[in-house]
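Student: 3D model of this:
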Amino acid sequence: KQWYQRRVRGWEVWGIGVSGDTLYSGGDDCAFKATDTRSGVSIFSNTKEHSMGVCCISPEPDNHILTGCYDEQVRRWDTRSPRVPIQTSSVGGGVWRLKQSRDHILVAGMHSGFHVLHRETLDIVRSYTEHGSLAYGASWFGDTGLAATCSFYDKLVTVWNAFSDGKDGSVQQEGS
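Tutor: Down below sits the predicted model:
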């Protein structure tokens, strides 16, 4: 088994994504980069579009990839032409995590709460703002519509139905 190790950035890395033989990285330097893992050769380096650090990267099918950034934007890129994003959505609060399901994207917007985006349009279809501190972690429970989210300072994990209004008792919280 062969392991890949290369110094691809001069700054700290905050987010990585892997698709096939391509390693995508983002960090404090506002750069979104792609490196071929077979050769270590840089495929591209975009330093113009993100105005703050790139926090997360999430590959999609069909040569697309999502990035989340401290500048409060979710960006969709076509990796064959990565000069400018093909879609952008402003969610507020610095995008720390992106988790995809079949039809939606769950976003941890650090200062604005958690948001569910429509997968194709990147429109916000639901927001959850009941956490009392930084929105940090987010994950789906398969295709059930249930989301698990966690916040930083209040040490709270919440499981909620991303497609109901919460009046049916769908929100469960547990703190430490």
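
Student: which residues touch His111?
Tutor: His111 makes contact with 92-94, 134-135, according to Cβ atoms under 8 Å, 6 or more residues apart in numbering. Just so you know, the C-beta spots here come from the backbone N, C-alpha and C atoms, and that holds for glycine as well.

Student: Which of those residues ranks first by neighbour count?
Tutor: Neighbour counts for those, by other Cβ atoms under 10 Å, peak at Ala135, which reaches 26 neighbours.

Student: Tell me which of the contacts of His111 fall in strands.
Tutor: Ala135 (DSSP state E).

Student: For the contacts of His111, work out which two are farthest apart.
Tutor: Gly92 and Leu134 (12.8 Å; Cβ to Cβ).

Student: Name the helix or strand of the protein that has the lowest mean pLDDT.
Tutor: Using mean pLDDT, DSSP states H and E, strand 172-175 stands out as the lowest-scoring helix or strand of the chain, at a mean of 60.

Student: Need the three-state assignment for the residue nearest the centre of the chain.
Tutor: By Cα atoms, centre = their mean, the mean C-alpha position of the chain lies nearest to Leu98, the distance being 2.5 Å. Classification of Leu98 using DSSP: H, G, I helix; E, B strand; the rest coil returns strand.

Student: Please tell me how far the nearest residue to it once chain neighbours are set aside sits from Gly109.
Tutor: Residue nearest to Leu98 in three dimensions, not counting chain neighbours: Ser58, with 4.3 Å by Cβ to Cβ, 6 or more residues apart in numbering. Per Cβ to Cβ, to the nearest Å, Ser58 is found 15 Å from Gly109.

Student: just Val95 next, same as before
Tutor: Val95 is 6 Å from Gly109, by Cβ to Cβ.

Student: So which of those two has more stuff around it?
Tutor: Relative neighbour count places Val95 above the other of Val95 and Gly109, with 31 against 25, counting by other Cβ under 10 Å.

Student: Closest to Thr149 out of the contacts of His111?
Tutor: Ala135 (6.8 Å).

Student: and that closest one, what are its bridge partners?
Tutor: Per DSSP bridges, the residues bridged to Ala135 are Ser151.

Student: What count of nearby residues applies to Ser127?
Tutor: For Ser127, the count of nearby residues is 15 (other Cβ under 10 Å).

Student: mind checking the SS state of it?
Tutor: Taking three-state DSSP, the label given to Ser127 is strand.
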